[in-house]
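J.: fold the following for me, if possible:
(2 chains)
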2 protein chains.
Amino acid sequence: MSEHRATKPLSLKSIQIQDKYWTPYIQLVRDTVIPYQWEALNDRVEDAERSQAIENFRIASGQSKGEFHGFIFQDSDVYKWVEAVGYSLISTPNPDLEKVADEAIALIASAQQEDGYINTYYTIKEPGKRLTNLAECHELYVIGHLIEGAVAYYIGTGKTSLLDVARKAADFVALHFGPEPHQLHGYDGHQEIELALVKLYEVTGEEKYLDLSFYMINERGQSPNFFHEEWPKRDRISHWTGQQESTPPDLAYWQAHKPVREQEIAVGHAVRAVYMYTAMADLAIRKADDELLAACKRLWSNIVNRQMYINGSIGSTHHGEAFTFDYDLPNETNYSETCASIGLIFFAQRMLQAEINSEYADIMERALYNTVTAGISSDGKHYFYVNPMEAWPKASEGNPGRRHVKTVRQKWYGCACCPPNVARLLSSLGEYIYTASTDTLYAHLFIGSDAQVELGGSRVTVNMKSSLPWQGQVELSIAELEGDGDFSIAFRVPSWSDSFTVHVADETIEPEIRDGYAYVQRTWKRGDVFLLDFAIQTRRIYAHPEVRANAGKVALQRGPLLYCLEEIDNSAPLSSLSLPADAEIRERSADWNPELVMLEAEGFRREDRGQEALYSSASPVKAPTRIVAVPYTLWGNRNPGEMLTWIRE
Amino acid sequence: MSEHRATKPLSLKSIQIQDKYWTPYIQLVRDTVIPYQWEALNDRVEDAERSQAIENFRIASGQSKGEFHGFIFQDSDVYKWVEAVGYSLISTPNPDLEKVADEAIALIASAQQEDGYINTYYTIKEPGKRLTNLAECHELYVIGHLIEGAVAYYIGTGKTSLLDVARKAADFVALHFGPEPHQLHGYDGHQEIELALVKLYEVTGEEKYLDLSFYMINERGQSPNFFHEEWPKRDRISHWTGQQESTPPDLAYWQAHKPVREQEIAVGHAVRAVYMYTAMADLAIRKADDELLAACKRLWSNIVNRQMYINGSIGSTHHGEAFTFDYDLPNETNYSETCASIGLIFFAQRMLQAEINSEYADIMERALYNTVTAGISSDGKHYFYVNPMEAWPKASEGNPGRRHVKTVRQKWYGCACCPPNVARLLSSLGEYIYTASTDTLYAHLFIGSDAQVELGGSRVTVNMKSSLPWQGQVELSIAELEGDGDFSIAFRVPSWSDSFTVHVADETIEPEIRDGYAYVQRTWKRGDVFLLDFAIQTRRIYAHPEVRANAGKVALQRGPLLYCLEEIDNSAPLSSLSLPADAEIRERSADWNPELVMLEAEGFRREDRGQEALYSSASPVKAPTRIVAVPYTLWGNRNPGEMLTWIRE
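T.: Below is the predicted model of the structure:
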């Protein structure tokens, strides 16, 4: 099979991150998040919402007695944890952790049924109902996460124990789904297995897994619709309410309203959408399917030009955790799930493999630096599921339409998809820095690291040093070189930088820029140093005029970081503040972290003159005040309070 | 019993409205709304939501066969219709209409059970379950509307047929509710019967009805809580879902979270709240209960100073159609039910009877001129249930959190509380213009009319001519006088007027002003003419700085009318418009109605330069544009489109 592929990511084994900004996050995941989440999965965290994910496996395998507890997709939390462990072990071998994971894997394996099926909910609670409610019950989604976990653990340890479980489960799925009359012509309500099967294909080389994914992607949304046909067969009963439904399910929620190749607008549940688009891009590359790639491009463009928040988050409503429609980006009722931004990063990374265009990496960076890390507290033990653009603690308590917006990170969630998703992304961050073609290394993110790669017949180790996000200097050097050194290095010109300079071996060069990448082609020698200096300044950002929620408002961005106001620095109500269009925005370092760049400017605060009346004809009086902004991703790490991203200008 | 009463409204029989602005509304109700709603109740309006309210009575009385259809309080739509008819017949006898109403009343009577109980839902569907779910099932609410309808019809026609049904039903309630051990120590989840029983007391003179109302008001929110005790007795099953509930009901929704005398903040379902406060004020007056009155004043103050929209509407969320918390007044997701503003008018009118203070009448006027009439289309056949402060049709379609906001008035509603509520209010509008003490006539609203009243021993007919809301001239004259003419006339000084002049018999006088009322005391003679001239100008109104939703924004008000922008005059997106703080606001008359004052000003529109990017560092460019505003109450009567009340300044 010939691929249509522009570039390929480096293997995680070929990249070692050592970065002032990111290493602490990765250490946090390794030293705190992974052990903490293991405790949470075992229900040993005080006051946290109950998980029971591990106990469910014990019950399903007969090692323990009890009832299933949790969401129908509870197993996936364990699989995502194993995935994070797998990635972590690549860079940091840890025999104790590996032993814990091996035991978890043995437990998982013991819960697999003879025929390969594995799902503790159905095994414990409704053994006769397997595969009867694909629309709602996440059976293939959960197997998808099993596969991803197994692949990661195999790469990290070389052990096949979980990969064997995953293959057996995938074979079960392949047996039951497909075009044959005796098979289900269906797919899962929550996309995930599609992208997982591509990974399984990659590590096993078995095309049947790729073909199964392709079948599910192509079948989705065809008429007659699988979910509509399934509905009467399950007596129209909803898993979630136990009640009979009177109206047929909304296919758009599952992105099953039309064949995926015909979809033009991102609709429905945001995480499902981006997981699906990721698989579509994976398949478009591997099947050289330009029609499918065109659909990916349309959907990408719709998201980033019409439906994405400035922090790289998506999902304008908590109703169905979903997209709404073009330019509908309310700031205080948005969903902007952490997982959805992680999915958007997956999608971007796949698109970069299909074609080089800096927009993909820009958005990847935006989501990573702003939303993904906002999802986790600086202690690693508290998480945001929803990432609002503004927060008012009283409203989160007192207005039911804003109750989904938490203003303090939570210890755990009953539906705990986001915390392990953050863990697996951060522990596999190396996969997002570079991609490579046969003769060009593309640097998409500027994260300090060593990378080993073969380029134009040479074996090379590239060292990157980065002062991002606080400063714009990046140093790339050829640390090792075997071969003649004829290759190109292309780096992304970030959308947030107005200008940059490149010095290679003390000479200033003007690289050719194509599709947002600057190409430096030369015969490299070991020890060559390549200095990039991106102008980094605070920029005022404005939303498109169709975005009603942001009319008259400005957001502040410096480098890749979005900024916000917090009550602790500015006092409430933050809505009283306005930032004049000509106010100079100064930088200052934070008391608690001298590297951290805070922003400040002279603005105005509407005075509260203690009036009682709700409405008055007295003109508001404003007084000068200092406005202080901090990186959005760090909000809510000090005293709880209001937060505001879009400031009146 | 001695009352604590400042003033009393005039009987509807003593007042005849003839007003350029309001008579067309009253005629619309009489000639269009009442006949149209009768058709709707009989399911004879094409494409309207099904009512079946009349058919339910036929089925309940055995005259027809079939299933009950509609909400559990469907009967109340018929009673509210009868109430509107009763009021209408006072001013405009109409034998044909009376005949239709008499037949409806005979039908109603035939559905009453032997013991006085009446409710078609329970009679048809669950005869054994009467009075088992007071929290949710509205049985006393419906009887309350029966009583109100019966009282109105009795006043309008002198006929006691429906009053007999109502008394029998009230006696049934009195038998089952009260402090005795064999009685229910309870009350209804939807307050209404409490205020209705006061009306029944007024026309019958029977104190037992007043006492029953007082009992229910005093019992509400006591511990142990009636609704919490009722809950396990009904097996924790919700009427609305048919499911067992795991958490006990939220008492605040029903204002039953604490004894009413201890309540300080308006909470829960807004209509229920204001109906209850109305009854509390009724009882405070009649029982000379200063503690209860103090609670009313606190709750009033909380609403109007913390939780009321500028159009006099209440209910910040559609979740529970409820209040949220102080200063939480989102503009695009509010509920602001038409019925709740009607209830607020009831409450204001009762408070005016307890104490003279122009704030009550100001709010009454605000809700009447802006929300109540917004609730009905100019053709009388389409209604708003929800009155948003801004509307974006695409969002009402595409964002589930805004789906309750309709941007086009609907023909009818499955839950049709608002349309007949508007009809009964407008047809009893005369009750809100004046109140009187023994020697003073208080003019609260300026609506052209003749009123007969006894003041200081004189029988007098006062004629009012008004140019409101478009102009500020009001003429009061003594059309008839029997007696020595020693009395005062006090008129409200509206909060929207900066200054006014009074001429009595060609002499300029400076009346004494107390509590927002100007008092003119003299010995009046027949033919005396009393000219008021209120300065009427467009005012810019600003919200309290704690109202985050309105920061940096201005609303326009002229006289009692709030203004708004509509897409048809300004083109979308309305959020692109801004009105400079110093822009002159000019008046102009509408093409389609020369009396109607539109406003216009030179403002700015952010230009849409056709850019694709959602976020950009390019400063917005604004161009001068003319901004046109129309009275809020008339919005949505031309082409559907966006609407905006709070404009960026």
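
J.: run through who's touching the helix or strand harbouring A:Pro420.
T.: Secondary structure here is read from DSSP states H and E; on that basis A:Pro420 sits in helix A:418-426. For helix A:418-426, the surrounding residues in contact (C-beta atoms under 8 Å, 6 or more residues apart in numbering or on different chains) are A:25-26, A:28-29, A:33-34, A:37, A:40, A:77, A:80-81, A:83-84, A:87, A:148, A:152, A:337-339, A:342, A:345, A:368, A:372, A:375-376, A:383-385, A:412-413. (Glycine included, C-beta is placed from N, CA and C.)

J.: the same query, at a cut-off of 6 Å, please.
T.: Identification of contacts with helix A:418-426 by C-beta atoms under 6 Å, 6 or more residues apart in numbering or on different chains yields A:25-26, A:29, A:33, A:37, A:77, A:80-81, A:83-84, A:338-339, A:342, A:375-376, A:383, A:385.

J.: next SSE downstream of it?
T.: According to DSSP H and E, the helix or strand after helix A:418-426 is strand A:434-436.

J.: and the next element down the chain from that following strand?
T.: Once the chain leaves strand A:434-436, the next helix or strand it forms, by DSSP H and E, is strand A:440-443.

J.: distance from that next one to the middle of the chain?
T.: 22 Å (C-alpha atoms, centre = their mean, to the nearest Å).

J.: how about stretch A:284-298?
T.: Relative to its parent chain, stretch A:284-298 has a centroid offset of 21 Å by C-alpha atoms, centre = their mean.

J.: what comes up buried for that stretch?
T.: By 16 or more other C-beta atoms under 10 Å in any protein chain shown, the buried positions in stretch A:284-298 come out as A:284-287, A:289, A:292-293, A:295-298.

J.: is that stretch anywhere near chain B?
T.: No: against chain B, stretch A:284-298 shows no contacts by C-beta under 6 Å from any C-beta of the partner chain, the least distance being 13.5 Å.

J.: same question for stretch A:220-239.
T.: No: for a cut-off given as C-beta under 6 Å from any C-beta, stretch A:220-239 has no contacts with chain B; the smallest distance is 12.1 Å.

J.: can you list the buried residues in that stretch?
T.: By neighbour count on 16+ other C-beta under 10 Å, the buried set for stretch A:220-239 is A:220-221, A:225-227, A:230-231, A:234, A:239.

J.: show me what stretch A:542-555 is in contact with.
T.: With C-beta under 6 Å, 6+ apart, stretch A:542-555 has contacts from A:310, A:327, A:329-331, A:540-541, A:645-649, B:573, B:575-576, B:606, B:608, B:614, B:616, B:620, B:648.

J.: sitting in strands, which of these do you find?
T.: Residues of the contacts of stretch A:542-555 located in strands (DSSP state E): A:540-541, A:647-648, B:606, B:616, B:648.

J.: angles on the backbone of the residue in the stretch 151-300 of chain A positioned nearest to chain B, please.
T.: Distances between the stretch 151-300 of chain A and chain B by C-beta to the nearest C-beta are smallest at A:Gln243, namely 7.5 Å. The phi and psi values for A:Gln243, taken as degrees, to the nearest 10, are phi -100, psi 160.

J.: interface residues of chain A facing chain B?
T.: So far as C-beta under 6 Å from any C-beta goes, chain A lies against chain B at A:305, A:310, A:317, A:319, A:324-325, A:328, A:333, A:395, A:398-401, A:539, A:541-542, A:544-546, A:548, A:551-552, A:573, A:575-576, A:606, A:608, A:612, A:614-617, A:620, A:648.

J.: kind regards, and thank you for your time.
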